[in-house]
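Peer 1: okay, structure incoming, though there's no sequence with it:
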């Protein structure tokens, strides 16, 4: 019982960090493409808001995906 709680707690922590992905029939490629799409949209949004390319890249590098 304690092991199950520990596993569930670790998954909750990983989800909060954005590290744990529940495999809902998605391949690793699909997950990577989805993350790449999100990064690209975030980058474009930063540029649209007036950040320079350098600033936008620094922000993206510092944000965990």
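Peer 2: Nice, I can see it. Please read these numbers as outputs of a predicted model, since none were measured by experiment.
Peer 1: CA only for contacts and neighbour counts going forward, please
Peer 2: Will do.
Peer 1: give the buried residues for the helix or strand hosting residue 55.
Peer 2: Residue 55 is part of helix 53-62, with elements assigned from DSSP states H and E. Under the neighbour-count criterion of 16 or more other C-alpha atoms under 10 Å, helix 53-62 has residue 56 buried.
Peer 1: by contact count, what packs against that helix?
Peer 2: helix 28-48 (3 or more C-alpha pairs under 8 Å, 6 or more residues apart in numbering; DSSP states H and E).
Peer 1: just checking, what packs against the helix it packs on?
Peer 2: Using 3+ C-alpha pairs under 8 Å, 6+ apart, the elements in contact with helix 28-48 are helix 53-62.
Peer 1: report the angle between the helix it packs on and helix 28-48.
Peer 2: 140 degrees (axes from the mean of the first three to the mean of the last three C-alpha atoms, to 10 degrees).
Peer 1: residues contacting helix 53-62, please?
Peer 2: 39, 42-43, 46-47 (C-alpha atoms under 8 Å, 6 or more residues apart in numbering).
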